[in-house]
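>>> Need the 3D shape of this:
(2 chains)
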Amino acid sequence: MDPLKEKKYQIEQELVRIILGEIESEKLSFDQSKEITEYSVPKLKSITSEDDLLKFITELSTKWPLFTPLVTFEQGKAKEEQKDVVTDNIMDLVDSGNINEAVDLAKTANE
Amino acid sequence: MPSVDALGSREALLKAAIRPEAKLVSEGQVHAVKLREGMKKAGQSESPVDDLDKSLEATKPVNPDRARKLIDRNVGTDVDAKGERVWNKKADREARKKLQGLEEVAREMTEEGGIDKLIAAGKGDQAIELAEIALTADPEMAALLPDKATDPVARRDEIIAFLKQPGMAQKIKAEYNARFKEDAKLADEVSPAREALKKAQEAERLNKEALDKNKKDLGTTTAELEQFDPGKTKALKLDRLTADLPTIESNLELSQYNLDTVSKQIDRLNLARINAIAKDPAADVSTLDTEITTKEAERIKYAGEVKGYKAQIQEKLDLETEKSNLEATKKRLEDEVPTLEEQLREATAERITKKLEFDEKLDERADQEQAFADNVRNVITQAVAKQVRENLTLGKKVQDEELQKLESETVDQIEKAFYRTLRTRYEEPRKPGFVMSNKGETQPNKVNINQDYEDLVSLDPAKGSEVVMRRLLDEGLQATVADPAERARIIDEKMKDAVFVKNTTSTMVETIAAAKLRIGKLKPAEVRTIMDTWGGDMLDKARKKNTDLDAQLAKLTGEGVIDKTLFRKLSDSKLLRILMLLLLGGVVVAGLGIAGPALAGGIGSAAGRVA
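Residues are numbered from 1 along each chain as shown, chains lettered A, B, ... in the order given. Below is the predicted model of the structure:
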């Protein structure tokens, strides 16, 4: 499975887990659950990038705040991933002897 | 947030079932378990949210109360003068009753085994008839059903089997719920239009009344004024008075003078009489009294004359005033006519507009009611149509997968192109407007199917398959070889490859015959040609690729129905059914609900649907 598909699948599983949990605790009615899935199904089909996916869950949490923890978690994860990328880049620059550029990049990343 | 997994919930359910007093299970938990089971039952797709959506749809309870209210509200437009709905209209009552009956049947069918309950209650025929409409609308399905005239029992059994297919109740429920949604209540646009029409009618009536009154007044005034026309009574009178006026005025003056004179004389005589009595109370005043009496008579006469002359003058003035007033009134009334007529015209135009709008709203409402009623009628038909489409798509999918597999397995680019062509040549994008059309759906390409099929069955079998194979090879090569002569050379070379020709011929024939079955019936002679020429190969291939089919064929062979070497001896209807079994494959046949046992029974007894 390609990474986007896998990520989408994981997010969907998490959405389903949240919805079913809310149904179980009777915080979400049938009609509300159906409204959420009917809103989500076409949106999910049109997602073509991770940005789309993050945008979708952000929109979803705006409409239904029960998904806010998922957005917070995903945003945190995205930041971590970004940090890892920057760290790797800094290390690459250090390895290739471009110390000044590595320092600049580290400064920019910390801003 | 509490998170109870399916197992936990199941355990809780079981505990509650054993010890109800424990009350461990909430309604939400029960619902969540059902949803998880629904998702599991449907099989996992690539989208868990989509699975949940479908499971929600499947577990969505039907709401008969809402359905009844919708039918009550949405059928029958009549309202009385007060705007209240009229309930006693027979046609509306009957229409509602009919729809309620259909709703009951559809509702029953939303449950697994609903058709059995309906049949037991003697109400199964309606569901079967509605399913039959959808089944016979598709040539492929229609061909699978036993003939209505010669074998109605088998036909009915197969339709019932179809209605019992997994997923059928769920589809009916989805259709049912879609039709009886809260927002299916028709908006009442008729009443406001009726009110607007009433207002316009009243405005027109008032305008007409005003114009009529004007005309009536004008008529009266004109008639009265006509009395002043030359020769008419009042004109004669006024003329006479006008002519006599100098004389009247002169007489008045004289009479007034006489009246004044005689009045003074009477005053003097009365004074003389008083003086005489004052001097001598016994004085004789009889002469004075006689004179006073005479003068009093004269005064009365002159006063009468004055009054008469004045009355004549006043009469003249009154007549003149009357004439002038009548003329003014007539002019005013005449001046008002155009305005009043214009106002009436506008009011009439407004009334006509409002009437048209009202009629339009009535028509719209009738259309909406009709659409609502059709929708209610179509719950089962539409669900069956969707199931048919799903089954047929599945059959096509299986075939496509096989062709795709063949395409990927071969390293020969010509063969790859050939299989690709075979997979794509008989489908085209579905045209908009089709009832079941979804974006991205395809429909059979009738032109290509008919062209290849005709060549296959009408030419000499060997020649026919060669012509079609060359056509398919040519189409496959067009993307890479532009020159037709070069393509012909490559194809000539390929056709010398006996292994290729042998291996691909039956696949090609199967694909084309299956495509043909999707768009119509096969003629007995054509079926015989296909079975006699390629039937043996098809049977071998089908047995290899599908154990279910193999079991079914073994059963049929065991019953003596099928002997692949004896196709020629079998009747046309049996041949068609065997052909369909081979072409559609075990998956599709099972999916259609006319699977092994039903089909086996059908082959022995049904006449089939060979055109």
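
>>> list the helices and strands the helix or strand of chain A with the lowest mean pLDDT packs on?
In chain A, the helix or strand scored least confidently by mean pLDDT, DSSP states H and E is helix A:99-110, which has a mean of 72. Here helix A:99-110 touches helix A:68-95, going by 3 or more C-beta pairs under 8 Å, 6 or more residues apart in numbering or on different chains; DSSP states H and E. Every residue, glycine included, has its C-beta placed from N, CA and C.

>>> any idea of the angle the helix it packs on forms with helix A:99-110?
170 degrees (axes from the mean of the first three to the mean of the last three C-alpha atoms, to 10 degrees).

>>> Helix A:68-95: how far from the chain's middle?
From the chain centre to the centre of helix A:68-95 is a distance of 12 Å (C-alpha atoms, centre = their mean, to the nearest Å).

>>> Can I get stretch A:69-78 in PDB, CA atoms only?
C-alpha atoms of stretch A:69-78 as PDB (Å, rounded to 0.1, in the frame of the first residue of the first chain):
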ATOM      1  CA  PRO A  69      -7.800  15.300  19.700                       C
ATOM      2  CA  LEU A  70      -7.100  13.600  16.400                       C
ATOM      3  CA  VAL A  71      -6.200  16.800  14.700                       C
ATOM      4  CA  THR A  72      -3.900  17.900  17.600                       C
ATOM      5  CA  PHE A  73      -2.200  14.500  17.500                       C
ATOM      6  CA  GLU A  74      -1.800  14.500  13.700                       C
ATOM      7  CA  GLN A  75      -0.500  18.100  13.700                       C
ATOM      8  CA  GLY A  76       2.000  17.200  16.500                       C
ATOM      9  CA  LYS A  77       3.100  14.200  14.400                       C
ATOM     10  CA  ALA A  78       3.500  16.300  11.300                       C
END
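
>>> pLDDT averaged over it - what is it?
Across stretch A:69-78, pLDDT averages out at 78.

>>> now stretch B:60-69
Mean predicted lDDT for stretch B:60-69 stands at 85.

>>> what do you get for stretch A:87-94?
So the average pLDDT for stretch A:87-94 ends up being 75.

>>> Return the residue of the chain that is most distant from the centre.
You didn't say which chain, so I picked chain A. residue A:97 (34.5 Å; C-alpha atoms, centre = their mean).

>>> I was thinking of chain B, sorry if that wasn't clear
Outermost in chain B, C-alpha atoms, centre = their mean: residue B:280 at 121.1 Å.

>>> Now the phi/psi pair for that residue, please.
In terms of degrees, to the nearest 10, the main-chain angles of residue B:280 are phi -140, psi 100.

>>> Next: residue B:427.
Dihedral angles for residue B:427 - degrees, to the nearest 10 - are phi -130, psi 150.

>>> quick one on the thing from earlier: pull the CA atoms of the least confident helix or strand of chain A into CSV?
This file holds the C-alpha atoms of helix A:99-110, laid out as CSV (Å, rounded to 0.1, in the frame of the first residue of the first chain):
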residue,chain,number,x,y,z
ILE,A,99,28.9,23.9,8.8
ASN,A,100,27.8,27.5,8.2
GLU,A,101,24.8,26.4,6.2
ALA,A,102,24.0,23.8,8.8
VAL,A,103,24.0,26.5,11.5
ASP,A,104,21.9,28.8,9.4
LEU,A,105,19.3,26.1,8.8
ALA,A,106,19.3,25.2,12.5
LYS,A,107,18.7,28.9,13.3
THR,A,108,15.8,29.1,10.8
ALA,A,109,14.3,25.9,12.1
ASN,A,110,14.4,27.3,15.7
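
>>> Report the buried residues of that helix.
A:102, A:105 (16 or more other C-beta atoms under 10 Å in any protein chain shown).

>>> Please parse chain B into its domains.
B:1-59, B:190-379, B:410-520 (automatic domain parsing).

>>> Tell me the spacing between the residue farthest from the centre of chain B and residue B:273.
12 Å (C-beta to C-beta, to the nearest Å).

>>> same question, residue B:67
Residue B:67 is 116 Å from residue B:273, by C-beta to C-beta.

>>> These two: who's more crowded?
residue B:67 (22 against 17; other C-beta atoms under 10 Å in any protein chain shown).

>>> would the more buried one count as being in a helix?
Yes: according to DSSP: H, G, I helix; E, B strand; the rest coil, residue B:67 belongs to a helix.

>>> What's the first helix or strand after the helix or strand harbouring residue B:356?
In the assignment (DSSP states H and E), residue B:356 maps to helix B:286-409. Counting by DSSP H and E, the next helix or strand C-terminal to helix B:286-409 is helix B:413-424.

>>> Report the mean confidence score over that following helix.
On average, helix B:413-424 scores 93.

>>> how about that helix: buried residues?
Quick answer for helix B:413-424 (16+ other C-beta under 10 Å): B:414, B:415, B:416, B:417, B:418, B:419, B:420, B:421, B:422, B:423, B:424.

>>> Kindly report the same for stretch B:444-460.
B:444, B:445, B:448, B:449, B:450, B:452, B:453, B:455, B:456, B:457.

>>> Repeat that for stretch A:85-100.
Quick answer for stretch A:85-100 (16+ other C-beta under 10 Å): A:90, A:93.

>>> hmm, who's touching it?
Contact with stretch A:85-100 is made by A:101, A:102, A:105, A:106, A:109, as judged by C-beta atoms under 8 Å, 6 or more residues apart in numbering or on different chains.
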